[in-house]
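Trainee: what would the 3D arrangement of this be:
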Amino acid sequence: MAKRGDVVIDIEKCKGCEVCITACPNNVLALAPEVNNKGYHYAVKVNSDCIGCANCAVVCPDAVITVYREK
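Mentor: Numbers count the residues shown, from 1 in each chain. Presented below is the predicted three-dimensional model:
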């Protein structure tokens, strides 16, 4: 049975450094074409292939990512 997860990003605090995008093994994240209130393109979830590995949250320098895993 495959693991399932979900990613929640605080887009107003995200600075768009792209570290989380590189760390994701399933290409779940990408930069949004829009910008947040600080003027940064922010990371967004682009598909539902998240396995809950939390690599993105671990490498996020600003701790704006929360990963939830299904039981």
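
Trainee: how much space between residue 12 and residue 37?
Mentor: Distance from residue 12 to residue 37, counting by Cβ to Cβ, to the nearest Å: 6 Å. C-beta: built from backbone N, CA, C; applies to glycine.

Trainee: those two: which is more packed in?
Mentor: residue 12 (11 against 8; other Cβ atoms under 10 Å).

Trainee: can you verify residue 21 is assigned to a helix?
Mentor: Yes: in this structure, residue 21 lies within a helix as judged by DSSP: H, G, I helix; E, B strand; the rest coil.

Trainee: pretty sure it is touching residue 32, no?
Mentor: No: using Cβ atoms under 8 Å, residue 21 makes no contact with residue 32, being 11.3 Å away.

Trainee: quick one: contacts for residue 19?
Mentor: 59-61 (Cβ atoms under 8 Å, 6 or more residues apart in numbering).

Trainee: top of those residues by neighbour count?
Mentor: residue 60 (22 neighbours).

Trainee: can you pull the contacts of the nearest residue to that one once chain neighbours are set aside?
Mentor: Excluding its sequence neighbours, the residue lying closest to residue 60 (Cβ to Cβ, 6 or more residues apart in numbering) is residue 20, at 5.5 Å. With contacts defined as Cβ under 8 Å, 6+ apart, the neighbours of residue 20 are 29, 43, 55-57, 59-60, 65.

Trainee: and if we set it to 7 Å?
Mentor: By Cβ atoms under 7 Å, 6 or more residues apart in numbering, the contact list for residue 20 reads 29, 43, 56, 59-60, 65.

Trainee: in strands, which of the residues you listed appear?
Mentor: 29, 43, 65 (DSSP state E).

Trainee: number of residues surrounding the second one?
Mentor: To tie it back to what came earlier, the one meant is residue 43. Residues lying near residue 43 (other Cβ under 10 Å) number 28.

Trainee: wait, residue 6 sits on residue 69?
Mentor: No: using Cβ atoms under 7 Å, residue 6 makes no contact with residue 69, being 8.1 Å away.
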